[in-house]
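Visitor: Kindly return the folded structure for what I paste below:
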Amino acid sequence: MKIIVSDGMGNEEEKEINTESISGKELLEKLDISLFVAMIMKNNEIVGENELLTSKDKIKILNMIHGG
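Guide: Sure thing, here's the model as predicted:
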């Protein structure tokens, strides 16, 4: 399964996970990314952590930028 990870500044990195399906929460855990700092997009739609993601989906992890 291919995943695109965006740092929120326009930089993207493609990562590969050896699985056919995984929940959003499990994916973030595998990538060592906190759910509190990232959003999961499946086929260009934001989805929750319990969403099942498959290798047929277009998956993108968006890291949110915090500021003050």
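Visitor: Flag the shaky bits of this structure, pLDDT-wise.
Guide: Of all residues in the chain, those with pLDDT under 70 make up the ranges 68.
Visitor: so who does Gly48 touch?
Guide: Taking C-beta atoms under 8 Å, 6 or more residues apart in numbering, we find Gly48 in contact with 24, 40. Backbone N, C-alpha and C define where each C-beta goes, glycine included.
Visitor: quick one: what helix or strand has Glu36 in it?
Guide: Just to correct that, residue 36 is Phe rather than Glu. Per DSSP states H and E: Phe36 is located in neither a helix nor a strand.
Visitor: How about Ile40?
Guide: Using DSSP H and E, Ile40 falls within strand 38-42.
Visitor: Mind listing the strands the very next helix or strand once past that strand pairs with, and their directions?
Guide: As assigned by DSSP H and E, the chain's next helix or strand after strand 38-42 is strand 45-47. Using DSSP bridges, the strands paired with strand 45-47 in its sheet are strand 38-42 (antiparallel).
Visitor: Quick check, central residue of the protein?
Guide: Ile61 (2.9 Å; C-alpha atoms, centre = their mean).
Visitor: That one and Val47, how far apart?
Guide: Counting by C-beta to C-beta, to the nearest Å, the separation of Ile61 from Val47 is 11 Å.
Visitor: between those two, what contacts are shared?
Guide: 40-41.
Visitor: so how many other residues sit close to the residue nearest to Met41 when sequence neighbours are not counted?
Guide: Ranked by C-beta to C-beta, 6 or more residues apart in numbering and with sequence neighbours excluded, the top spatial neighbour of Met41 is Lys60, at 4.3 Å. Lys60 has 17 neighbours, counted by other C-beta atoms under 10 Å.
Visitor: in this protein, which spans are helices?
Guide: The residue ranges that make up the helices of the chain, judged by DSSP state H, are 24-30.
Visitor: Quick one: neighbours of Val5, just the number.
Guide: Neighbour tally, Val5, other C-beta under 10 Å: 17.
Visitor: my guess is it meets Asn63, correct?
Guide: Yes: counting by C-beta atoms under 8 Å, Asn63 is a contact partner of Val5 at 7.4 Å.
Visitor: Overlap in contacts, those two.
Guide: Shared contacts of Val5 and Asn63 (C-beta under 8 Å, 6+ apart): Ile33.
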